[in-house]
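Q: Any chance you can model this:
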Amino acid sequence: MRTSSLFRNAKNKIMKYTPAQILVRDATSNEEMPPREDLMIDIAALTFNSLILDQMIIILMKRLNDDCKNWRHIHKSLTVFEFLIINGSDSVYKFVKNNRHFFESLKAFSHFKDSYDCGRIIRQLAIKIVDLINDDRKLEKAREESRMTVEAVKNKWTNEGVSMVRQMGTERYEGIVGSNDNLSTWNSSSMDRDRPPSKVMLSDDIKRAMPADQDDEKYQLQMALRLSQEESARKVNALNDRIMDKAWLLFNMNNRDRQ
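A: Predicted structure coming up:
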């Protein structure tokens, strides 16, 4: 086992991540290989349980808020989000739609390493995701082109949903999240895209994992603050003077890296 995998496994135990969160962390690791499709199918199937979806969104948003040097976390999280928008529960589509400003901001992501533009693939993927949530025809076309995968996800949940939920460590089996996600009628054309997406309730953990302000300066500060919180093993639950000082320092460092 690679050192990075050993470190990730140790952190999973120390931080007491749920099995669903570990799946997402594995799919969005800093290793070079892309997320495995079978792993993303499992994640997509689990999006039909609201409690598990909530847990997974927390990790995805924390990955997206990571430091630029961990750009693979950001790219792989976008890759998973794109996969879930096309193949997973419609709750993921609604979540991204309701928080589109964050994904819009990644269209300007910039990071260079040894003269290599690491940010290019992130910008391209962010543009693609924003296009999917803004253009119903593109989304329907993507779902039609991914029909076999959509069916694989649906069958996975239909046939293995109960056992998967139990393996994830929760007995809360709600089956389907929201009326639009009923698998008996769920398909790429069954959703009413003309009406605004229903409000997706966010847990406090998800809210903390996401930028709360669209203003660029405040957004950058929140990015730095989240890095500070990650480095201190998530022991910080409030904004005190020490954290704010460190956040401003990291904010300035990130600005220099991106210039």
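Q: can you pull out the strands in the stretch 1-150 of the chain?
A: 112-113, 116-117 (DSSP state E, counting those that start in this stretch).
Q: Compute the distance between Arg8 and Gln21, please.
A: In this view, Arg8 and Gln21 are 12 Å apart by C-beta to C-beta, to the nearest Å. In this view, the C-beta of every residue, glycine as well, is placed from N, C-alpha and C.
Q: quick one, which of the two is more surrounded?
A: Gln21 (21 against 18; other C-beta atoms under 10 Å).
Q: Please give me every residue in contact with the more buried one.
A: The neighbours of Gln21, taking C-beta atoms under 8 Å, 6 or more residues apart in numbering as the test, are Gln55, Met56, Ile58, Ile59.
Q: distance of it from Asn12?
A: Distance check for Gln21 against Asn12: by C-beta to C-beta, it reads 8 Å.
Q: Tabulate the contacts of Gln21 in a markdown table, adding columns for pLDDT and distance to His75.
A: Below are those laid out as a markdown table (pLDDT from 0 to 100; distance: C-beta to C-beta, whole Å):
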| residue | pLDDT | distance to His75 |
| --- | --- | --- |
| Gln55 | 94 | 22 |
| Met56 | 96 | 17 |
| Ile58 | 94 | 19 |
| Ile59 | 95 | 15 |
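Q: Any of the residues you listed buried? List them.
A: Buried members of these, scored by 16 or more other C-beta atoms under 10 Å, are Gln55, Met56, Ile58, Ile59.
Q: TSV for those residues, including distance to Gly88?
A: As requested, these are exported to TSV (distance: C-beta to C-beta, whole Å):
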residue	distance to Gly88
Gln55	14
Met56	10
Ile58	16
Ile59	15
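Q: Out of these, which is nearest to Val96?
A: Met56 (13.3 Å; C-beta to C-beta).
Q: any idea what sits nearest that closest one, other than its immediate chain neighbours?
A: Using C-beta to C-beta, 6 or more residues apart in numbering and skipping residues adjacent in sequence, the residue nearest Met56 is Val24, 4.9 Å away.
Q: Now do the one you found: how many residues are near it, please.
A: Neighbour count of Val24, defined by other C-beta under 10 Å: 27.
Q: from the contacts of Gln21, which is closest to Asp131?
A: Met56 (23.3 Å).
Q: what residues are up against the closest one?
A: Ala20, Gln21, Leu23, Val24, Ile43, Leu46, Thr47.
Q: Leaving out chain neighbours, which residue sits closest to Leu139?
A: Excluding the flanking residues, the one nearest Leu139 by C-beta to C-beta, 6+ apart is Leu132, at 5.0 Å.
Q: One more: Glu82?
A: Closest to Glu82 by C-beta to C-beta, 6+ apart is Ile129, at 5.4 Å.
Q: Tell me the spacing between the one you found and Val96.
A: Note on Ile129: its distance to Val96, by C-beta to C-beta, is 7 Å.
Q: so what sits against both of the two?
A: Taking C-beta under 8 Å, 6+ apart as the contact rule, Ile129 and Val96 both touch Phe81, Ile85, Phe103.
Q: how near is Asn9 to Ala45?
A: 23 Å.
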